[in-house]
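> what's the 3D shape of this:
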Amino acid sequence: MDKKILIAIGLSLATVWAFNYYVSKRVQPEVPGVVTVGGQKAVPVPGQPIKVATNEELAKPLMLDVDFVDKKLGQQEVIVSVETDYCQANVSTYGAVLTNLDYKEHPGKAGTPLRTIYNKGAYDEEQRKKGCFLVALDQKTPYVYSFIEKRDANNKIDVAFKAENESWIINKTYSFHKDSYQVDLILSLAAKGQSVVPTKPRIFFAGPFVNEIADDAESVVIWNESKQSVETSDVAAAQGLAWYWTNSKPLFGVQDRYFVNALINDPAKFVQRAYVKQFDPKNVYPVLEGPTISSGKSEWQMSFYMGPKLSDHLNYVDARLEDLLSFGWLSWLCKLLLKLLSYIYDFVGNFGWAIIIMTFLLKLPFTPLSIYSRKQMEIYQHYLPSINKIRTKYRQDMQMQHTELMKFYKDHNISPSTHFVGCLPLLIQMPILFALYRVLNNYLDLYQAPFIGWITDLSSKDPYYVIPVLMGISMLWQQQMTPVADGKQKVVMIFMSIFMTVLFANFPVGLVLYWFMNNMLTIGEDYIRRIFFK
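Alright, predicted model coming up:
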């Protein structure tokens with residue numbers, strides 16, 4: 001290989017290594033400390049339930065239906081509102097269920113907080129079954145609860161409710177953490193006498209869904225205890241399956257593009273098995289099935305994460321949850337870009353400008369290689385007519401053609417691989433482009449993030465197609481600066497510019513902005529090369 005190529009590549013790699021080392025030092029999150037899980041000391045690791053069950057267990061039907069005691073609702077509904085630093089929630093005495101969950105730090109298209117839990121209504125029996133944190137029994141289930149109290153206790157806000165049927169008294173207490181997106185549920189069942197009908201309680205809780213996102217889709221998230229990792233499953237594929245755990249730290253729930261609702265802690269081991277009920281594409285409910293109880297009083301406390309898929313918040317509640325920030329096979333690059341983007345945003349306060357600065361920082365390490373490759377491309381284009389003449393002259397004799405081409409390359413001090421060198425910068429940029437596309441589509445802070453003027457959401461397309469058109473113009477400008485001897489090749493390049501403009505027109509404008517700025521920096525490199533490196 002040409003010695004100059006090796007030098008250019010070496011300089012680029014050295015710059016990338018130094019840049020990556022600096023960034024990793026500045027944005028590296030803290031490693032979680034040692035915690036005690038099940039009496040054993042361990043370091044939390046990103047992880048995932050075990051589908052291990054006896055044939056007898058697998059033969060049991062999944063109890064997905066609910067039979068309510070209260071066919072008619074005579075008692076007036078009471079709505080209890082809870083507000084923390086991060087969210088606002090409503091809990092109803094009908095079912096003692098969570099009817100609304102709004103995220104104060106994340107506005108939607110109308111400027112109001114994004115909502116992932118919606119009031120399904122209580123007067124239709126089918127809608128009652130869609131209550132978030134509905135407690136159901138395998139017998140007649142009470143639906144009308146009494147509001148007991150609301151208390152502000154240290155770092156939590158507790159809300160308590162009570163209901164009963166012929167055999168059992170049910171107490172439900174929610175604890176909303178003020179400093180995180182953790183919600184605890186304390187459930188107790190007490191027998192009303194010495195001889196009662198045994199029961200097996202279940203908890204239905206809703207998966208997140210944002211109505212204003214047209215293509216929002218949900219998937220099941222599961223902690224695989226044997227692999228110690230988080231797995232995801234298609235909702236349709238999860239129907240009819242049951243999951244089991246052997247420890248008190250399961251992880252089971254549903255996620256959409258930006259949010260996740262999941263059980264993360266069950267110290268009293270309420271959950272005997274877990275499965276999923278899908279009412280429709282917008283209503284997917286994890287179901288937690290408890291043990292059979294026949295007397296006395298039983299109480300369980302479970303913890304849930306009900307919030308956005310943002311690294312700091314996920315890690316604060318449970319380190320395993322960060323595994324949900326998976327961007328596919330380029331996940332490592334996506335996470336690096338995400339950290340870099342967030343780090344720049346902390347300084348400039350605007351994600352649009354942060355993308356522009358990030359483009360410059362990502363372009364800078366590859367500048368030596370880019371300048372060299374474009375120079376080599378120009379040299380090759382200069383000699384291309386002569387090379388084509390040799391190919392035409394000896395088209396019937398491939399051995400002679402190869403001999404004459406090698407002689408020509410040697411006489412003019414060019415490499416046979418010169419015409420491939422020009423593709424190197426583009427090949428390096430493509431993984432970054434794909435990774436940034438995944439980040440822009442799955443990073444909540446970029447949703448409804450404004451840039452300038454008409455660009456009010458960097459995660460959606462440019463409504464007036466201004467940036468895509470400018471990107472197309474920059475590609476044509478860049479091509480005009482590269483002399484092309486072959487007329488057919490010039491036509492192909494023009495067609496590619498038009499094709500890329502049409503393709504990018506409906507991409508997130510943040511991604512188009514990155515590619516436009518990358519083109520402009522390449523044009524700037526050309527002018528610098530022509531002025532200073534004649």
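
> End to end on stretch 286-305, go ahead and measure it.
One end of stretch 286-305 sits 13 Å from the other (Cα to Cα, to the nearest Å).

> residues of it that come out buried?
Neighbour counts using 16 or more other Cβ atoms under 10 Å place 286-290, 293, 298, 300-305 of stretch 286-305 among the buried residues. Quick note: C-beta positions are derived from backbone N, CA and C, even for glycine.

> Pull the distance from it to the chain's centre.
How far stretch 286-305 lies from its chain's middle: 31 Å, per Cα atoms, centre = their mean, to the nearest Å.

> that older thread, mind putting the buried residues of stretch 286-305 in JSON lines, secondary structure, distance to Pro468 and pLDDT included?
Converted to JSON lines, the buried residues of stretch 286-305 look like this (DSSP: H, G, I helix; E, B strand; the rest coil; distance: Cβ to Cβ, whole Å; pLDDT from 0 to 100):
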{"residue": "Pro286", "secondary structure": "strand", "distance to Pro468": "41", "pLDDT": "95"}
{"residue": "Val287", "secondary structure": "strand", "distance to Pro468": "45", "pLDDT": "94"}
{"residue": "Leu288", "secondary structure": "strand", "distance to Pro468": "47", "pLDDT": "94"}
{"residue": "Glu289", "secondary structure": "strand", "distance to Pro468": "51", "pLDDT": "93"}
{"residue": "Gly290", "secondary structure": "coil", "distance to Pro468": "54", "pLDDT": "93"}
{"residue": "Ile293", "secondary structure": "strand", "distance to Pro468": "62", "pLDDT": "91"}
{"residue": "Ser298", "secondary structure": "strand", "distance to Pro468": "61", "pLDDT": "92"}
{"residue": "Trp300", "secondary structure": "strand", "distance to Pro468": "54", "pLDDT": "95"}
{"residue": "Gln301", "secondary structure": "strand", "distance to Pro468": "52", "pLDDT": "95"}
{"residue": "Met302", "secondary structure": "strand", "distance to Pro468": "48", "pLDDT": "96"}
{"residue": "Ser303", "secondary structure": "strand", "distance to Pro468": "46", "pLDDT": "96"}
{"residue": "Phe304", "secondary structure": "strand", "distance to Pro468": "42", "pLDDT": "97"}
{"residue": "Tyr305", "secondary structure": "strand", "distance to Pro468": "38", "pLDDT": "97"}
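
> Farthest-apart pair in those, please.
Spanning the widest gap among these are Ile293 and Tyr305, at 27.0 Å by Cβ to Cβ.

> from the buried residues of stretch 286-305, which is closest to Lys129?
Val287 (10.8 Å).

> Could you give the bridge partners of the closest one?
Phe204, Tyr275 (DSSP bridges).

> if we can go back for a sec, closest to Asn224 among the buried residues of stretch 286-305?
Using Cβ to Cβ, the buried residues of stretch 286-305 come closest to Asn224 at Pro286, 15.9 Å.

> Can you verify my assumption that that closest one contacts Gly253?
Yes. Using Cβ atoms under 8 Å, Pro286 is in contact with Gly253, at 5.4 Å.

> Asn315: neighbouring residues, count only.
Counted by other Cβ atoms under 10 Å, the residues lying close to Asn315 total 19.

> just Gln139 next, same as before
15.

> Tell me where the model's unsure across this structure.
1-60, 326, 328, 416-426, 482-489, 533-534 (pLDDT under 70).

> Pull out the buried positions in the strand or helix carrying Asn171.
Here Asn171 is covered by strand 168-177, with elements defined by DSSP states H and E. If you call a residue buried by 16+ other Cβ under 10 Å, then strand 168-177 has these buried ones: 168, 170-177.

> related to what we said a few turns ago, can you work out which residues contact both of Pro286 and Gly253?
205, 207, 220, 261-263 (Cβ atoms under 8 Å, 6 or more residues apart in numbering).

> Now do the same for the residue lying closest to Trp515 once chain neighbours are set aside: helix, strand or coil?
Spatial nearest neighbour of Trp515, chain neighbours left out: Met471 (5.6 Å); criterion: Cβ to Cβ, 6 or more residues apart in numbering. Look at Met471: counting by DSSP: H, G, I helix; E, B strand; the rest coil, its state is helix.

> give me the number of residues near Met471?
Neighbourhood size, Met471 [other Cβ under 10 Å]: 27.

> Tell me the spacing between it and Leu361.
20 Å (Cβ to Cβ, to the nearest Å).

> And His412, by the same measure?
Per Cβ to Cβ, His412 is found 37 Å from Leu361.

> ditto for Ser460
Ser460 is 25 Å from Leu361, by Cβ to Cβ.

> Repeat that for Val348.
13 Å.

> how about the helices in the stretch 401-534 of the chain?
418-421, 424-442, 466-480, 487-504, 509-532 (DSSP state H, counting those that start in this stretch).

> Which among those is found nearest to Ala238?
Here helix 424-442 is closest among the helices of the stretch 401-534 of the chain (Cβ to Cβ), at 21.0 Å.

> Only the C-alpha atoms, please, for the closest one, written as PDB.
This file holds the C-alpha atoms of helix 424-442, laid out as PDB (Å, rounded to 0.1, in the frame of the first residue of the first chain):
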ATOM      1  CA  LEU A 424     -12.600   5.800   2.500                       C
ATOM      2  CA  PRO A 425     -14.000   9.000   4.200                       C
ATOM      3  CA  LEU A 426     -17.500   8.000   3.000                       C
ATOM      4  CA  LEU A 427     -17.100   4.500   4.300                       C
ATOM      5  CA  ILE A 428     -16.000   5.900   7.700                       C
ATOM      6  CA  GLN A 429     -18.900   8.300   7.800                       C
ATOM      7  CA  MET A 430     -21.700   5.700   7.000                       C
ATOM      8  CA  PRO A 431     -21.600   3.900  10.400                       C
ATOM      9  CA  ILE A 432     -21.800   7.300  12.100                       C
ATOM     10  CA  LEU A 433     -24.700   8.300   9.900                       C
ATOM     11  CA  PHE A 434     -26.600   5.000  10.800                       C
ATOM     12  CA  ALA A 435     -25.800   5.400  14.500                       C
ATOM     13  CA  LEU A 436     -27.000   9.000  14.600                       C
ATOM     14  CA  TYR A 437     -30.200   7.900  12.800                       C
ATOM     15  CA  ARG A 438     -30.900   5.400  15.600                       C
ATOM     16  CA  VAL A 439     -30.100   8.000  18.300                       C
ATOM     17  CA  LEU A 440     -32.300  10.700  16.800                       C
ATOM     18  CA  ASN A 441     -35.200   8.200  16.600                       C
ATOM     19  CA  ASN A 442     -34.900   6.800  20.100                       C
END
